[in-house]
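Asks: attaching a predicted model along with its sequence, questions to come.
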Amino acid sequence: MASGWGITGNKGRCYDFWMDFSECMSRCREPKDCALLREDYFECLHHSKEFQRRNRIYKEEQRQLRAAAQKAKGGGDDGHH
């Protein structure tokens, strides 16, 4: 990361986040002052928040599909003949 070059020879995709975090660390009093910039940098590298969000969306979609299937299976009969 220190060079700033990505694998294609261009600037690395997270280099700007790294520079912001690095500059903050060089001028801050305490490392915790740069926590949000560190978080942004790590999210750029690993996408963990994005994956967590996608997983939550997927689980909710599956829950809704199961609920709709259950309703269609047993919910069509409202007791009137």
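Replies: Looks like it came in fine.

Asks: which helix or strand in this structure has the lowest average pLDDT?
Replies: In the chain, the helix or strand scored least confidently by mean pLDDT, DSSP states H and E is helix 48-74, which has a mean of 93.

Asks: could you say what helices and strands it packs with?
Replies: Under the contact definition 3 or more C-beta pairs under 8 Å, 6 or more residues apart in numbering; DSSP states H and E, helix 48-74 sits against helix 35-46. All C-beta atoms are positioned from the backbone trio N, CA, C, and that covers glycine.

Asks: off-centre distance for the helix it packs on?
Replies: Averaging C-alpha positions (C-alpha atoms, centre = their mean, to the nearest Å) puts helix 35-46 11 Å from its chain's average.

Asks: what's that helix packed up against?
Replies: Going by 3+ C-beta pairs under 8 Å, 6+ apart, helix 35-46 lies up against helix 15-27, helix 48-74.

Asks: quick one: buried residues of that helix?
Replies: By neighbour count with 16 or more other C-beta atoms under 10 Å, helix 35-46 contains the buried residues 37-38, 40-41, 44.

Asks: okay, which residue is most central for the protein?
Replies: residue 50 (1.6 Å; C-alpha atoms, centre = their mean).

Asks: dump the residue contacts of that residue.
Replies: residue 43 (C-beta atoms under 8 Å, 6 or more residues apart in numbering).

Asks: how close does it sit to residue 29?
Replies: To residue 29, residue 50 is 31 Å away according to C-beta to C-beta, to the nearest Å.

Asks: and if you look at residue 57?
Replies: Distance from residue 57 to residue 29, by C-beta to C-beta: 39 Å.

Asks: comparing the two, which residue is more hemmed in?
Replies: Comparing residue 57 with residue 29 by other C-beta atoms under 10 Å, the one with more neighbours is residue 57, at 10 against 6.

Asks: how close does the more buried one sit to residue 64?
Replies: 11 Å.

Asks: pick the most buried one from the helices and strands packed on helix 35-46.
Replies: Greatest average neighbour count among the helices and strands packed on helix 35-46 goes to helix 15-27 (a mean of 15), per mean count of other C-beta atoms under 10 Å.
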